[in-house]
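1. Quick one: sequence and predicted model below, then my questions.
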Amino acid sequence: MIVLGLESSCDETGVALYDTERGLIAQQLHSQIDLHAAYGGVVPELASRDHVRRMPVLIRQALAEAGVSMAGLDAIAYTAGPGLAGALLIAAGTGQALAATLGIPALPIHHLEGHLLSPLLADDAPAFPFVALLVSGGHTQLMRVDGVGRYALLGESVDDAAGEAFDKTAKLMGLAYPGGPVLARLADQGVAGRVKLPRPMLHSGDLNFSFSGLKTAVMTQLRDASIAPADMAAEFQAAVVDVLVAKSLAALKQTGLSRLVVAGGVGANQALRARLNEATARRRQRVFYPEPALCTDNGAMIAFAGALRLLDGEGEGEGGAHAVAVRPRWPLDSLSAPR
Ligand code: ATP
Ligand code: MG
Ligand code: FE
C-alpha cells in the first residue's frame, strides 16, 4: 500500500510517499527559511501562502520521483496539528480534497506522533515499548510509548521548548536565522565552563524541564564584553544537554525501560547525541535517532505514521468527503491506538 504524506504545520512544506512493502519511495521538502529570515521568525500569513504555492508542485514531484500515479495511492496522511492554524489547513485541505476525489481514506496525523515514530524508519529500528525524548521547536516532552497511539506523558517543559531556547538565545546573541543550528556550530568552537549558566530543574525530582531562564541568564552575562561568544554558546549548549540527558536517564529508570528514542529538531544536535550515546552505553541501554535529515519537519514522517495506522486498520472502508478540521493545540497523550 502506498501512502502520500503531507506536512505544512509550520515553515516546511513536506511531501513524501511511503510504500508498506518498499519503504520510503519519494521525499520532497521545501523550507521557508529565506522567506522568514528578514523577520527573525515565522510569519504565519506568509507561511500559509507559501504552502499553498508549493504543495501541488511538491506532490507532482514526489509522484514523478517514485513513478507512481495518483490512481496508485491507497491513502493520504496529513498533519492535522499541532501547529499554525492557517498553515495546517493547507495540508489538511489538500489531503481531504485529494482523498475525496480518489475515493481513498484521509488520515489526520499528529505532528509529534510523526516526529516520535520517525526513528522507526531507520534500518536499526527500536521495538516497543520505549521512552521518547521529543525535543523540537515547540515541544520538550518525555513520553512512554507502548505502541502506535499509546503514549503517556512523563514530563515536559513548563515554559520554553529546548529548540525555542536555542533559537531565542541565538537571536539575542545576534546569530543568523534560524539560530538553533548556528548556535550549535558556534558552541563546538568554544569551551563550556568558562562562564557559568544554571542547569534549570536538574534536581526538581520530576521529569519536567524549564528553559526560559537560560536565555535570561545569557542576556545578563552578555553585558560582560570579555566573554567569548563561542564560550557562551558552548556553556548554553552544555546546560541544555546536561538537563536533557539527566531527565532522559531518570525517565528510563522510572519506567524500567532500556530503549530511548530521540526525535525532533534538537535531536540533530551532535553534543546531545554524543552524551546520550555514552551515558546509555555505560548502562547497557540503547538510544535510537532518526537520520539527521528527518529530525526536523518533513513529509516522510507523516506518510510513515499514516502507513502504520493504515496497516492497523485505521481509515478502513473510508473514502468520502470529510470536514477539514485541524487542531492547532493537541496533546499527544490524548491519541488512541488505531484498534
Ligand atoms: P514542533 O515539532 O514542536 O511543532 P518544530 O516543528 O518547529 O516544532 P522541529 O522542526 O522539530 O520543530 O525542530 C526545529 C527546532 O530544532 C528549532 O528550534 C531548531 O533551532 C532546532 N534545531 C535544529 N538543529 C539543531 C541543532 N543542531 N542543535 C540544536 N537545535 C537544533
Ligand atoms: Mg521548521
Ligand atoms: Fe516539528
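-> Okay, I see it. Numbering: from 1, shown residues only. Ligands and ions are numbered 1, 2, ... in the order given.
2. Please report how far Pro181 lies from Thr140.
-> Distance, Pro181 to Thr140, by CB to CB, to the nearest Å: 17 Å. (Each C-beta comes from the backbone N, C-alpha and C, glycine too.)
3. which of these two has more neighbours?
-> Neighbours per residue, other CB atoms under 10 Å: of Pro181 and Thr140, the larger number sits with Thr140, 30 against 19.
4. Please give me every residue in contact with Ala251.
-> Val131, Leu133, Leu142, Arg144, Leu154, Gly155, Leu207, Leu260 (CB atoms under 8 Å, 6 or more residues apart in numbering).
5. Among those residues, which pair sits farthest apart?
-> Gly155 and Leu260 (13.8 Å; CB to CB).
6. Who has more neighbours out of the two?
-> Ranked by neighbour count (other CB under 10 Å), Gly155 and Leu260 place Leu260 first, with 24 against 19.
7. three-state assignment of the more buried one?
-> strand (DSSP: H, G, I helix; E, B strand; the rest coil).
8. Return the residues in contact with it.
-> 130-133, 248, 251-252, 276, 280, 285-288.
9. Let me see the mean pLDDT of the longest helix seen in the chain.
-> Using DSSP state H to assign secondary structure, the helix with the most residues in the chain is helix 229-255. Mean pLDDT, helix 229-255: 98.
10. Mind checking if it is in reach of ligand 1?
-> No - judged by CB under 6 Å from any ligand atom, helix 229-255 stays clear of ligand 1, getting no closer than 7.6 Å.
11. swap in stretch 256-274?
-> Yes - using CB under 6 Å from any ligand atom, stretch 256-274 reaches ligand 1 at Gly264, Gly265, Val266, Ala268, Asn269.
12. buried ones in that stretch?
-> Applying a neighbour-count criterion of 16 or more other CB atoms under 10 Å, one finds 257, 259-269, 271-273 buried in stretch 256-274.
13. Distance from the chain centre to it, please.
-> Mean C-alpha position of stretch 256-274 versus that of the full chain (CA atoms, centre = their mean, to the nearest Å) differs by 12 Å.
14. still on that earlier bit, ok, and which of the contacts of Ala251 reach ligand 3?
-> Contacts with ligand 3 within the contacts of Ala251, counted by CB under 5 Å from the ion: none were found.
15. Which of the residues you listed fall within strands?
-> Val131, Leu133, Leu142, Arg144, Leu154, Gly155, Leu260 (DSSP state E).
16. so the first one sits right up against Ser258, yeah?
-> Same thing as Val131. No - the criterion here is CB atoms under 8 Å, and Val131 misses it with Ser258 at 9.1 Å.
17. which residues do these two both contact?
-> Any residue near both Val131 and Ser258 by CB under 8 Å, 6+ apart counts here, and that gives Leu252.
18. Next one: Val145 from ligand 2, what distance?
-> 23 Å (CB to the ion, to the nearest Å).
19. Surely that residue touches Tyr151?
-> Yes - between Val145 and Tyr151 there is a contact under CB under 8 Å: 5.7 Å.
20. In terms of neighbours, single out the busier of those two.
-> Neighbour count, other CB under 10 Å: between Val145 and Tyr151, Tyr151 has more, with 25 against 22.
21. Give me the distance between the residue positioned nearest the centre of the chain and ligand 2.
-> Centroid-nearest residue in the chain, with CA atoms, centre = their mean: Gly264, separated by 3.1 Å. Taking CB to the ion as the measure, Gly264 falls 11 Å from ligand 2.
22. And for Ala337?
-> Counting by CB to the ion - Ala337 and ligand 2 are separated by 28 Å.
23. now do Leu58
-> Leu58 is 15 Å from ligand 2, by CB to the ion.
24. so who does that residue touch?
-> So Leu58 contacts Thr13, Gly14, Val15, Gln28, Leu29, His30, Gly299 (CB under 8 Å, 6+ apart).
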